[in-house]
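Asker: Prediction below, plus the sequence it came from.
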Amino acid sequence: MTQGLWTTGLWATGLWTTGLRTTDLQTTDLRTTGLRIAALQLGLQICLAPLSLVSLGPGHLTPSAHAAVVDERQEIEIFADHVIEQRRLVVEIEDADDVEAWRRVPVLVDEHRHLEVAEGVVVLPDGARDRIGRRDRDESQVTAAGMLHLSQRVIWLEADELVTGARLEIDLEIVDRPYYPSDVLPLGLEDDDVTLEVTVRAAPEIENWRWRLDGDPTGLEVEATEQVVTVRGRLDGTGADEPALAVSRKPRLRWAWRRGAAWSQVARWYGGVIHGLPRDDAAVRALAGSLTTADAAPRQRLDDLVAFVRDQVRYVAVEVGIGGYRPSPPHETLERRWGDCKDKSFLLLDLLRAVGIDALPVLARLDDARPVDPSWPDALQFNHLIVAVPVDGPVPVETTPNDPVAGGFLFVDPTQTLGGADYLHTLLHGSHGLIVRGDGGELVRLPVQPQLDARRLEIELTVDTDGQATGDAAIHLRGDAAVPWLLRARNAPRAEVDDAVRGLLQSELPGYRLGAVAWRAHDPADSSDSGLVSSTGAEPTATPETHGVPTAILQARIDGTVGGGTWNLPTGLRLTPTTRELDEVIALGDEAMATWSPRSVDTVVKLHMPPGSCPPRPRDDASEGAAGRWRQEVSSHDAADGPVVTVRRGGVITSPWHAGDRLADLRAMSIEEQRAQRRRLRAVCP
Amino acid sequence: MSHHSRPVRRCRALRVTARCETGVVVAVLLATLLALAGPSHAADFPEITAAEKAFGQEGDAVPAVVLFDKAELRFGNPALESWSELEVWKRTKVLTEEGVSMVSDIAIPHGKRMRMMRFEARTVLPDGTVIPVGDDAVFREQVSRASRSYVTKIAMPSVQVGAILDVHVVFTWPDIFYLSPWYFDNDVPTMRSEFTYHKPDSLAVRLWSLETAGIPIQRKETRTVHGKATTAWMERIPALPKEPFSFPASDLANRFMVIPHAFESSGRTYPIFESWELVSDLVEDAYKRFLRAREVKKRGQQLAASGTARERAETLFRFVRDEIRTDIDGATLGPRDGVDAEDVLAAGFGTPAEKSLVLVTLLDGVKIDARPAWAANRLDGRIDANVPNPSWFDWPLVAVELDGATVFLDPSDPGLAFGQIAPHFEGMPVLLIDDRDAELVEVPFSTADANRRDATVDLTLDDEGRLVGTGRLELRGARAWAEIDGDDEGLAERWRDELLEDWPGFDVEDLTVTPEPDAQRLLVEYALRQRDEDVLGDESSLAPSRPLRHGQPFTLPPKQRLTPVQFLHAARDEVTTTLRWPEGWSVEVVPRAADNASDAGRFVARCEVDEAQRQAVCHRTFERLQAEYLGQQQYTLLQSIYETAAAVDAEPLVLVAP
């Protein structure tokens, strides 16, 4: 049963649901790696239409397929003001799974993309032909997580007569008037064996025609002449076999035309999209004046305006046609107090402009599937929009070394709901963004700051002569790691958060009994938020920081068995992926790339041993390279009531994408970390 | 608000066929009706009181509060063929920033039967400014053109802390059937929730309610021009608790329901939901049409020409389960319009209801006594068997009389054997459909032993300190059912991932996964080899419980636990791990033994080390005897078992080289 605030009484009828929010947090596993999951936990949304455009490409006549044999032919003709896509698909239905997979074939359409021809026939095993006519179509609106409304629709071609041994033949013609002159076609189908032939042909008058085949070209032949490219071959359905951490190597054919192969061309295009947008409205200027004081330093003004847009304008995504790219007028966003990433960013831009700070929009990519490819200038590479504040502009903005600054810009994502201007979530760290200026643009690499996704586990135990230990454990979370807890603490009843805290601590401390729990979640950027604390009112002993980065501290009394001469310590928080996960990526070949976002992870275990105990031998293991660094130190010292053993383990990851040497470095770090976690600590008596 | 009275085709003598239940739409009215739907800015919302304005100023910590939640159900008059109407008013106040995102975006599904006739909404700012919902903030989307189902999405404007959101919606439908309870509770506290029904004198109704929060549901009754109005209400209702392994919200919430019982027309009384026989009567026509298919009966005779009655029934069950694909999207209790058993058989494709009816028809062909039955999902909430109501049920089964006993069959689930039903139907009544002798049969819970996992692991440490060996896991009953979904390729892939998760630092090789739905069994066999980088050379540790560990989900202290615990089923796990090591190595640490047994279940662990044979054998048993644990004492016992298991599971068996 779906249950939400608006569901009272009407639950059972299914008449009334919410569920549009995507920040419904489950107990956060500290090892969570998926950027997409993290984005949802951060309350971030992919909101710029190009992602949708990609999905509108002709490669998306792809039902959830199984193991059919597919013959696919496509002809795409590019004219001055439109594109005609013709597709013929022949599917041999081999078993019941194929029937299930191909019974409803989806075709995506939109305001600029019309289905002109859709013909289909089921050739039954006895040779009889059953036509898929207009009456065998259904239509539904596309819905996407976090999006309130999209103009995309799916036309379903329904082949109800499909049976094992039948052949399905589909012919489509779609006329597209793309907003940006480029496209991308994923080749092959997820699980099916496909024989394909794709031809993309640009009319003679089309300028700046170019194409590229990305990914693994095995099994494909390419034939290209001046304005035509044909890719043909056979692809095995290997989609499901790609490792979880791998950047996909599935082949994709890209092409572009009209606009030159320069990022400035992409920026100019976006400049054209936003041209004519009503800006600098009096209401926006008045608000900026009321939110800041005339004598405030530029940085203070920035902080105040960022706080307003993050806190007071909620994220709601509505994409209708070109509205997938073009923001709403900022005064409208202000009036209704909701908008998507474009709306929020342009509202912030106008608010900043009203107080003298000329910031710029930045096209960015919020996606863990693949990074922006700097060598292929294309608007379709972006799906998010943020703001770049010039640090040394006419109105210099004061920054600190911890601020997300790169190339002379402080980057702000107003779609984030928490933190100050010094906190940029790490999902964007290290990726490329396109700064859009009136005269063109500039592709820049966004900063990398692992300390903005930081986890630290501190355990302090007093061990008795029987190996029983009692003490405290605390998990300190900062930045991205803290945000889900902060949101949870704000949204859920205290007792529920208490239990989630217990659940997390228990999962990190298997075998230990938990006593009283205390937690504190804090967004220092929110002046009205003095911090949220556990239901018992107990506060952790540690104090959260005071800068504009969200923090959370989760703490509990614990007791358990550590053991005698050899100690069974909690393995601690993990920095790197497992070697097995990395080896799966490495096995893809020299071009393989893994995704593992920047982060900082530490575990500190302090054991107060009984008097007369023997401490372990000191150790210092480390692994460092381009991917980051990992280190473990085991040390001990004598205190009045016995030796104190300290184990420090952890490090940082300094890039989101790992290929070549960096991937090898990451694996080396992983091995060290894995072995350290497996090895028990041993007393060594003299 | 006017009472809509529309001349529509009414279901014959209120015998609501499945077709009628899903709604029969008079096309000519549709355009008119739909044109009426949409935002209107001229709503006459109740005035905001001083108390509502002041609410929350004391700094209440909750993100939002429902100030009132009010519904009025106006039954149509069956004799006049008038439409019924449900009007809902809801007023919510946002108390924190978080409340803004919780309550601001709304989605209202509606369709060809339950039509949304009116929708109005507004935001009232703390200073009293009224912001109506603009046309550009309301999006009516088509979920399916074929089924004429829609969802209207609304982005409420200018929502901020202290704002009050008002929503008003009116639905209408062409009969008198609104058979769902009104739930008084919300995710956030509710100051007042009320449900009023207006009925004509010609309609008799039965009332049903359940209080769960210790707050009484109050009622009052008034006369109206044409009949009677009854209001049920509750005040100051706390937010619904959310706890792990809790009962569903529909069991935890306070409920009130009104069920049409009989109506009078032209001096004659027509009973409606007076008995389970009359509930069965709803589908009589549709089912009988289906069951008449002679060719299908003949097919049954061909498919099961010989054998005992049980053997023939098993043959026909497997045929329907395996050879007719299931259209899970069409999961209702009635067959599709115009589709009969022969159509389903010819297409090799049918909804669960159609598959069940085909099986009944095939069984009838071989003279085996079978009839359709309806099951209710325990995870959707309990039902009251004393109150005949078709909406309690949502899944079709077949009840077969064999050897003097009733056997339930579910041919729409590829993971179920003959005589097995999904565990979420256990502990619930099944309705045996019969318009003359309907019967409710309680399905007992399966035992822990019926739903077991047995794991054996046999590992040897080689001279280099690498663990190598094999593992075997056998799942039975509901444990096997949960895995078998007809996609054997996907099953093997899932198990590979699962085993890699269970055995970090190991490569999993030679994996075979053998689903045997007819034996209610799944067998997983694999080989293990420790990866190079995990071989330490002078030390090796292994948690004997590795393949079947549980963790501790019950961290909430018993005094704080508000809700009872619900699992899908009782369960039992057995693990036997054998570890051998070469000469020169020795055991450094042995996990402690444990035995924690109670009414709730049992956890037993012990390791036997034979240094001379250089072998250790560890046994672990985890047993959860019940599917449901009620009360604090039961929770305490259950928590204790999990706690013991988690503590022992964390202790490895450690071998060291000198």
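Answerer: Structure's in. What do you need? Numbers count the residues shown, from 1 in each chain, chains lettered A, B, ... in the order given.

Asker: and residue A:396, what element?
Answerer: Per DSSP states H and E, residue A:396 falls between elements, in no helix or strand.

Asker: Surely it and residue A:299 touch.
Answerer: No: using CB atoms under 8 Å, residue A:396 is not in contact with residue A:299; the gap is 9.1 Å. For the C-beta atoms, the positions are set from N, CA and C on the backbone; glycine is no exception.

Asker: between the two, which one's more packed in?
Answerer: residue A:299 (21 against 13; other CB atoms under 10 Å in any protein chain shown).

Asker: Contacts (any at all) between chain B and the helix or strand where the more buried one lies?
Answerer: Assessed by DSSP H and E, residue A:299 sits inside helix A:298-312. Yes: using CB under 8 Å from any CB of the partner chain, helix A:298-312 comes into contact with chain B via A:311, A:312.

Asker: following that helix, which helix or strand comes up?
Answerer: Past helix A:298-312, the next helix or strand by DSSP H and E is strand A:314-315.

Asker: so what strands line up beside that next one?
Answerer: In the sheet, strand A:314-315 lines up against strand A:338-339 (parallel) (DSSP bridges).

Asker: tally of neighbours for residue B:51?
Answerer: 9.

Asker: Enumerate every residue touching the residue of the stretch 551-658 of chain B at minimum distance from chain A.
Answerer: Closest approach between the stretch 551-658 of chain B and chain A, counting by CB to the nearest CB: residue B:650, at 2.5 Å. Residue B:650 makes contacts with A:510, A:511, A:512, A:560, A:568, B:543, as judged by CB atoms under 8 Å, 6 or more residues apart in numbering or on different chains.

Asker: try residue A:552
Answerer: Contacts of residue A:552 by CB under 8 Å, 6+ apart are A:476, A:477, A:481, A:482, A:485, A:486, A:489, A:519, A:520, A:521, A:522, A:544.

Asker: would you turn those residues into TSV with secondary structure and pLDDT?
Answerer: TSV is the format used below for the contacts of residue A:552 (DSSP: H, G, I helix; E, B strand; the rest coil; pLDDT from 0 to 100):
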residue	secondary structure	pLDDT
A:476	strand	94
A:477	strand	94
A:481	coil	92
A:482	coil	91
A:485	helix	87
A:486	helix	85
A:489	helix	82
A:519	strand	89
A:520	strand	86
A:521	strand	84
A:522	strand	82
A:544	coil	49
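
Asker: So for the helix holding residue A:299, mean pLDDT?
Answerer: Averaging pLDDT along helix A:298-312 gives 93.

Asker: quick one on the thing from earlier: nearest to residue A:391, of the contacts of residue A:552?
Answerer: residue A:482 (26.0 Å; CB to CB).

Asker: list the contacts for that closest one?
Answerer: Residue A:482 neighbours (CB under 8 Å, 6+ apart): A:521, A:549, A:550, A:551, A:552.

Asker: Tell me if I'm right that residue B:385 and residue B:428 touch.
Answerer: No: applying CB under 8 Å as the test, residue B:385 and residue B:428 come out as separate, 9.1 Å apart.

Asker: Overlap in contacts, these two.
Answerer: Joint contacts of residue B:385 and residue B:428 (CB under 8 Å, 6+ apart) are residue B:442.

Asker: rewinding a little: now secondary structure and distance to residue A:391 too, for the contacts of residue A:482, in JSON lines please.
Answerer: As requested, the contacts of residue A:482 are arranged in JSON lines below (DSSP: H, G, I helix; E, B strand; the rest coil; distance: CB to CB, whole Å):
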{"residue": "A:521", "secondary structure": "strand", "distance to residue A:391": "31"}
{"residue": "A:549", "secondary structure": "coil", "distance to residue A:391": "19"}
{"residue": "A:550", "secondary structure": "coil", "distance to residue A:391": "23"}
{"residue": "A:551", "secondary structure": "strand", "distance to residue A:391": "25"}
{"residue": "A:552", "secondary structure": "strand", "distance to residue A:391": "30"}
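
Asker: how about the residue nearest to residue B:230 when sequence neighbours are not counted, what does it touch?
Answerer: Residue nearest to residue B:230 in three dimensions, not counting chain neighbours: residue B:221, with 4.8 Å by CB to CB, 6 or more residues apart in numbering or on different chains. Contacts for residue B:221 were tallied using CB under 8 Å, 6+ apart; they are B:228, B:229, B:230, B:231.

Asker: Select only the buried ones of the residues you listed in ChimeraX?
Answerer: Selection of the buried residues among those in ChimeraX, burial being defined by 16 or more other CB atoms under 10 Å in any protein chain shown:
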select /B:229,230,231
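
Asker: which of the contacts of residue B:221 lies closest to chain A?
Answerer: residue B:231 (13.4 Å).

Asker: Which strand residues bridge the residue lying closest to the closest one once chain neighbours are set aside?
Answerer: Of all residues not flanking residue B:231 in the chain, residue B:196 sits nearest, at 4.2 Å (CB to CB, 6+ apart). Applying DSSP bridges to residue B:196 yields these beta-bridge partners: residue B:72, residue B:231.

Asker: and residue B:196, how many neighbours?
Answerer: Count around residue B:196 with other CB under 10 Å applied: 19.

Asker: again with residue A:596
Answerer: Residue A:596: 26 neighbours (other CB under 10 Å).

Asker: residues from the stretch 351-500 of chain A in reach of chain B?
Answerer: A:417, A:487, A:490, A:491, A:492, A:493, A:494, A:495, A:496, A:498, A:499.

Asker: now those as a markdown table including secondary structure?
Answerer: Formatted as a markdown table, these follow (DSSP: H, G, I helix; E, B strand; the rest coil):
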| residue | secondary structure |
| --- | --- |
| A:417 | coil |
| A:487 | helix |
| A:490 | helix |
| A:491 | helix |
| A:492 | coil |
| A:493 | coil |
| A:494 | helix |
| A:495 | helix |
| A:496 | helix |
| A:498 | helix |
| A:499 | helix |
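
Asker: Spell out which residues sit in contact with residue B:272, please.
Answerer: B:14, B:176, B:260, B:261, B:262, B:263, B:278.

Asker: What are the phi and psi values at the fourth one?
Answerer: In this entry, residue B:261 is assigned phi and psi values of phi -110, psi -40 (degrees, to the nearest 10).

Asker: could you check the distance from it over to residue B:175?
Answerer: To residue B:175, residue B:261 is 15 Å away according to CB to CB, to the nearest Å.

Asker: now swap in the last one and tell me
Answerer: Applying CB to CB, one obtains 15 Å for the distance of residue B:278 from residue B:175.

Asker: The fifth one too?
Answerer: Applying CB to CB, the value for residue B:262 to residue B:175 is 15 Å.

Asker: ok, those two, which is more surrounded?
Answerer: Shown here are residue B:262 and residue B:175; by other CB under 10 Å, residue B:175 has more neighbours (23 against 18).

Asker: Three-state assignment for the more buried one, please.
Answerer: coil.

Asker: burial of residue 593, as a residue count?
Answerer: Assuming you mean chain A. So residue A:593, with other CB under 10 Å, has 19 neighbours.

Asker: Chain B was what I was after
Answerer: 13.

Asker: Quickly note the distance from it to residue A:118.
Answerer: On the measure of CB to CB, residue B:593 and residue A:118 end up 69 Å apart.

Asker: Residue B:258 now?
Answerer: Taking CB to CB, one finds residue B:258 at 47 Å from residue A:118.

Asker: Filter the contacts of residue B:650 down to the ones in strands?
Answerer: Residues of the contacts of residue B:650 located in strands (DSSP state E): residue A:560.
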